[in-house]
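Participant: requesting a structural model of the entry that follows:
(2 chains)
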Amino acid sequence: MKISLNLLKQFVDLSGLSTEEIVHKLTFAGLEVEGVTKLAEASNLVIGEILSVEEHPNSDHLHILKVDEGPKYGIHQIVCGAPNVKVGLKVIVAREKAVLPRLGVTIQKSKIRDAESDGMCCSLVELGVDKTYLSEKQINGIEELDPSAPVGEEEVLKYLGYDDEVLDINVLANRSDCLAAFSLAKELASLFNRPLNIPTFKEEKLKESDFKVSSATSKCNQFSLKVCKDLKIKESPTWLKRYLMASNIRSINNIVDIGNYVMLLTGQPLHMYDIDKLPSREFIVKDDVESDFVALDEKTYQIEKGDLVVTNGGHNVCLAGVMGALECAVDDNSKNIAIEAAYFHGATIRKTTIKTGLSSDSSARFIKGINLNQDRYVLDLTVSLLKELADAKEIYETVSYREKEIAPTVIECSVSYINNRLGTDFEASKIKEILERLYCLVTFDEDQDHFKATIPSHRIDLKCDADLSEEVIRFVGFEAIKSRLPMMETTRGGLTFEQQKRLKIREMLIANGYNEILTYTLISPEEDQKFVLLNEDEPYILKNPMTVEHSVVRRSLIVSCLNTLKYNLDHQNRDLALFEVSEVQTKTSRYTALVAALNGACHVRGQLKTRPYDFYDLYGAFLMIMEELGIEESRYKVARLTSPYFHPGRSVKVTIQNQVVAVIGQIHPQYQEKMGETYVMEVNLSAFMALKVGPLKMKNISRYPSVSRDLALVVDKNVLAKEMIRQIKKSGYPLVSEVSVFDIYEGLPLEHDKKSLALSITYSDCNKTMTSEEIAKCEAKIISDLNNVFKAELRK
Amino acid sequence: MNERIEKIASQALEDIENAKSSEALQDIHNRYLSKKSELSSFMSKMRDLKAEEKVKFGQFMNDIRFKITTSLESKKAALQKKALEERLNKEVIDYTLPEVDLKKGSKHLFNKIIDEVCDIFVGMGYQIAEGPEIESDHFNFELLNVPKDHPARDMQDTFFIDETLLMRSQTSPVQAHVMLEKKGQGPIKIISPGKVYRRDDDATHSHQFGQIEGLVIDKNINMGNLLATLELFSKAMFGEKREVRMRSSYFPFTEPSVEVDISCFECGGKGCALCKKTGWIEILGAGMVHPHVLKMCGFDPHEYQGFAFGIGIERVAMLKYGVDDIRRFYNNDLRFNTQFKR
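Facilitator: Numbering: from 1, shown residues only, chains lettered A, B, ... in the order given. Now for the predicted structure:
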């Protein structure tokens, strides 16, 4: 909220306080001042009077003026280009060395086309006044001062009322009361302990009104109306325009301006009706109307049940708190008006504004909540301004509807509670003083600890004891709090098993050269169709996305990872190893997933020695993770993956009890686009982490020497090495302790569908030294079994 | 005879001096010192000498042999040394050629901050609590003192899935989950990092971003405890000289609520571009848990009090590492990602 500091100064004595002090105090009390701007800015100004005007001989539009700058400075010659110069005009003169910050100039004595010029006649624009609030004439010419302006006056901005600063205050949602100058003045009065000067009005005997008001809904529990006749609509005085301007409100005419000004002062939105256009003398607020509504903006809106409407003689005269009807709007010819000050339920107004898309300063105030107890005061204030600025003559008694009398809020609290909550040791008297300065009424129980605080009606945010603790501390300042770490039972901190393993897995991948990425959870429907392999669930789809690109909650991390890969390749980043660990959530499942992708070459020694990434890089990473989790190969099945997105010969799926828990492989050439050979892996980490793993126990290490024997076997190409190894371990149990592949050969002299696998087999026995006969016997069994199962032949 | 022996000896020494290899030395050894050598043949003549001369001659022969042997050995050592030197000279490498690539990958800056912050709080006995990113309105708002149609909902423009489900707009619902699980029994000391989502997108806002929420609940928790905890955190995260100050603020789920500033770590509080000449940097929001929240989440607000705070992950990273645009976190350009390895 933007507000003129001069306006605030009218209602609270801030003399002797600098703007910085005011800003600091407000900011630390929760009313953050986000900016201070000057309404106008210039130095070395003086009011002058034009004594003579001559045309400049060397120019078709410049004039040479003689300007009287008063007894102190005398008469100076000024060359001026403004079209509205004339003899006798009182003008603003920027004297020699005057600084005009908005123009970025310092005035110097100079010659303009051979004529001497000593100073400059100014427009308000040149002094920095925002053009939005000035007339064409003011923008295009120099400012024409009132004939009564005192020549020689040097405090020109002050004389004009432009010596003002605008505070931009970030009013938080709970302090909607501070969307009003009077409330801000009260805050300042409390914070600085200064006297308040808010206008009051005496009871006056007025004519009785023949208007009736009522409400047929609990969403409007208070409605007051005042009728005012025979007023004149005209331009507002400059002081009013300036205050509105400071708050970014454009001046329309005196009546509209008074409405806005009163709202600016009190926070109470007003609505005005032209009573000569009203069908009846009775207003009823309803919330069960269904009808079309032509609003002030000449557009038609639908009123539905639940919307609050002010009705009059069966007509809908106002969409309550939002916008009035065109049919009874105050216009330039209006003479007699009715002013409404009501309370409308915020949540109801919020719904209506969201539905219609109409919102205004008024609706925003109702939504945030307004003071329930100031309607009559507000109407008196409005009338006093109408009398002053619109020559209003006939004023009628306020008519009011009230569901019930509004009792002030009383909060029960205690000094000990406040100190316990804040970690302070304030005395009861201190707390009483603070709350009283905040306009609360405080009465203590006999124990001098418990008390009751009666809350002023404008503080609608104060509802419970905790709220009072905040009032005390924001008033005193948070420096009063003693810093001390919690004294409490020791708790077992740390990471859960899943958290530890997740961190470990990420760090292992990083240590192995993978770069971690972080991608968006929300993807496009099109992207969501691809690469979903770890679940067959329905995705969550947003009801109100910002863009279709981010409208579906992803079911797989692969697409995002591949997009990142592409992005990097497009930016000349090569040889990529990426991974991400993120949560996947669908309508039926939620798990932690890992995605990893490889593209290009693995640098063994820079560019000197490289090798292309392949399937085995990722599979190795997978096994490393399994090792970290203590999951043996027997716990899951690995089989070839059939998916349109993967290379059929170079991809696998990992299953546990038929549930796919990981996929590893090369992207199908059809989907790799310009990326080139790309390998990707997605793992449901939660599924693996959920597997029960036995406790770690030491296994005996043989004291006897082990023996290694090599075998070269010729088998069909499609025989899987892992299956042969499994068979060897089975056939050679318990002597075979390890089997590994150390060479593969395909080609002549082997037949085209054959390959030769060279295997190294380690035999060991924990209990004795093996004899060569024993080993030979075991080896013979292995060879014979391999021959039976895989038709494996010893390579000759 | 002695003359002849001396001559042989001087010849031997000369041969040793001229030897070029250890093989040549072996030859010399055989030639002069073996049993069949000329020198050895003189020994047999010792028998013919008188006892007195025998001793003298024996002494003489020993000296000769000793001279030749030591000369042989020192020459052998010299040759070996030379050979080793030659070998080492041949084995010189260019140590600037590409090394074996053991370069590690990089942690994402977002996760780096989470891991660092969690580490600080875990050290103080906090546990890490996590919750779903798709939440119910009940947990994301209602249990946090933001009923339906509350104006505070406009502070956060939320992505909805349906009437009751939404993308969580804050990590605070994790608080509510943990409190309800604890069934009104303290203490609670948790930190909950995670992704949150809001309808917002520009250089300083992303529709997805991260928060770290902290919550402590026990019987005598007060704002002084919050202040001390945040001071400890700020020093650990931004340096030992950091100071902390609080400003009054508003969050629906805390009362009192504060914005927390730390003294600028760039200029030490003197005022610079980073702190916009104020000497202070806004770092997080915090407050005492609102009694309504405690009550709705099963805790008796007359028995228990607590504090909560929320840290913006990207904000911390942007401040600490001078990151200029929040979108960098999500572009994942490796030229950015790999800058934060240590």
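
Participant: tell me where chain B has strands.
Facilitator: Ranges of strands within chain B are B:127-128, B:134-136, B:165-167, B:188-197, B:208-218, B:244-251, B:254-263, B:280-289, B:305-312, based on DSSP state E.

Participant: quick one: mean pLDDT over the first one.
Facilitator: Read it as strand B:127-128. For strand B:127-128, mean pLDDT rounds to 96.

Participant: show me which residues of the one helix or strand A:Phe366 maps to are buried.
Facilitator: Element membership for A:Phe366 (DSSP states H and E) is helix A:361-368. Across helix A:361-368, burial judged by 16 or more other C-beta atoms under 10 Å in any protein chain shown covers A:362-368. To be clear about C-beta, it is placed using only N, CA and C from the backbone, and glycine gets the same treatment.

Participant: one more: stretch A:513-528?
Facilitator: Of all the residues in stretch A:513-528, those buried under the rule 16+ other C-beta under 10 Å are A:513-524, A:527-528.

Participant: cool, and stretch A:740-758?
Facilitator: Neighbour counts over stretch A:740-758 (16+ other C-beta under 10 Å) mark A:754-757 as buried.

Participant: circling back to that earlier point, can I get the strands of chain B in CSV with mean neighbour count and distance to B:Ser37?
Facilitator: Formatted as CSV, the strands of chain B follow (neighbours: other C-beta atoms under 10 Å in any protein chain shown; distance: least, C-beta to C-beta, whole Å):
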stretch, mean neighbour count, distance to B:Ser37
strand B:127-128, 20, 87
strand B:134-136, 21, 100
strand B:165-167, 23, 101
strand B:188-197, 24, 89
strand B:208-218, 23, 91
strand B:244-251, 22, 95
strand B:254-263, 25, 92
strand B:280-289, 23, 94
strand B:305-312, 24, 92
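
Participant: could these go into TSV alongside distance to chain A?
Facilitator: TSV is the format used below for the strands of chain B (distance: least, C-beta to the nearest C-beta, whole Å):
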stretch	distance to chain A
strand B:127-128	6
strand B:134-136	5
strand B:165-167	7
strand B:188-197	5
strand B:208-218	5
strand B:244-251	3
strand B:254-263	3
strand B:280-289	6
strand B:305-312	6
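
Participant: quick one: which of those strands is nearest A:Asn535?
Facilitator: For A:Asn535, the closest of these is strand B:134-136, at 14.6 Å, according to C-beta to C-beta.

Participant: partners of that closest one, with directions?
Facilitator: strand B:165-167 (antiparallel) (DSSP bridges).

Participant: avg pLDDT for the strand it pairs with?
Facilitator: 94.

Participant: and stretch B:130-144, how far out from the chain's middle?
Facilitator: Here stretch B:130-144 is found 36 Å from its chain centre; the criterion is C-alpha atoms, centre = their mean, to the nearest Å.

Participant: so which elements touch the helix or strand just after the helix holding A:Phe366?
Facilitator: Going down the chain from helix A:361-368, the next helix or strand is helix A:375-390, by DSSP H and E. Contact here means 3 or more C-beta pairs under 8 Å, 6 or more residues apart in numbering or on different chains; DSSP states H and E; on that basis helix A:375-390 packs against strand A:222-229, helix A:254-266, strand A:337-343.

Participant: could you redo the last one with a cut-off of 10 Å?
Facilitator: Helices and strands touching helix A:375-390, by 3 or more C-beta pairs under 10 Å, 6 or more residues apart in numbering or on different chains; DSSP states H and E, are strand A:222-229, helix A:238-246, helix A:254-266, strand A:337-343, strand A:394-395, strand A:399-402.

Participant: quick one: the third one to strand A:222-229, angle?
Facilitator: In this case it means helix A:254-266. Between helix A:254-266 and strand A:222-229, the angle comes out at 140 degrees (axes from the mean of the first three to the mean of the last three C-alpha atoms, to 10 degrees).

Participant: okay, domains of the chain per the record?
Facilitator: In the absence of a named chain, this looks at chain A. A:2-39+A:165-192, A:45-160, A:212-402, A:410-479, A:497-689, A:707-794 (automatic domain parsing).

Participant: meant chain B, my bad for not saying
Facilitator: With automatic domain parsing as the reference, chain B has domains B:2-90, B:109-337.

Participant: what's the spacing between A:Asp230 and chain B?
Facilitator: Counting by C-beta to the nearest C-beta, to the nearest Å, the gap from A:Asp230 to chain B is 40 Å.

Participant: touching, that residue and A:Lys387? I think so.
Facilitator: No - using C-beta atoms under 10 Å, A:Asp230 is not in contact with A:Lys387; the gap is 11.0 Å.
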